[in-house]
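[1] here is the input, now give the coordinates:
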Amino acid sequence: MICKNYVVTGEDVNDYMIMEDAAYISYTIRLLYHFLFYNGFSKEKLNYMHLGLQEGNHELIIYKNLMFTEHFFVEMKHCYIADKINIKSCFFNSNNECCAEVTKEVKWFDPISKEVVTTPKQILRHFYPKM
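    Numbers count the residues shown, from 1 in each chain. Down below sits the predicted model:
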């Protein structure tokens, strides 16, 4: 679907210079926002539409550690949208080895009404172009 290059920074690592679990989750959400921005839905536009993302459960599988200053890229492999949005992202090092996989659950949230809402059709069509 989409991929983006990054470098492991100091805020991403623990005392042993290994990327922390929370950083993997953060990059997965960041990539989703990047995909939305690419399709015309900036954070400002989402705020105007009264839409935010509410994070749910996640599963992280690490095959090989990513280290401080290491270049990597994240690829959003798939995104399944029903009542919840399930995203699967894979993290690859500069040798194109899969280092980790994240499966993350998020929901659209209306901060005004404080309710979980369904995915608006204008956003949904970017995930499923044949709609």
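[2] mind listing the helices for the chain?
    The residue ranges that make up the helices of the chain, judged by DSSP state H, are 21-38, 43-48, 121-127.
[3] mind checking which of the ones you listed is nearest residue 110?
    Using Cβ to Cβ as the measure, helix 43-48 is the one of the helices of the chain that comes nearest residue 110, at 10.8 Å. C-beta here means a position set from N, CA and C on the backbone, and glycine is covered the same way.
[4] leaving out chain neighbours, which residue sits closest to residue 1?
    Excluding the flanking residues, the one nearest residue 1 by Cβ to Cβ, 6 or more residues apart in numbering is residue 76, at 4.6 Å.
[5] ignore the last one, residue 77
    Setting aside the residues directly before and after it, residue 77 is nearest to residue 88 in space (Cβ to Cβ, 6+ apart), at 4.6 Å.
[6] near that neighbour, how many other residues are there?
    The number of residues packed around residue 88, counting by other Cβ atoms under 10 Å, is 17.
[7] surely it is in contact with residue 101?
    Yes - assessed by Cβ atoms under 8 Å, residue 88 is found in contact with residue 101 at 6.8 Å.
[8] what comes up buried for stretch 36-50?
    With burial defined by 16 or more other Cβ atoms under 10 Å, the residues of stretch 36-50 counted as buried are 36, 41, 46.
[9] the second one and residue 65, how far apart?
    Computed with Cβ to Cβ, to the nearest Å, the distance linking residue 41 and residue 65 is 33 Å.
[10] kindly report the same for residue 13.
    Residue 13 sits 10 Å away from residue 65, going by Cβ to Cβ.
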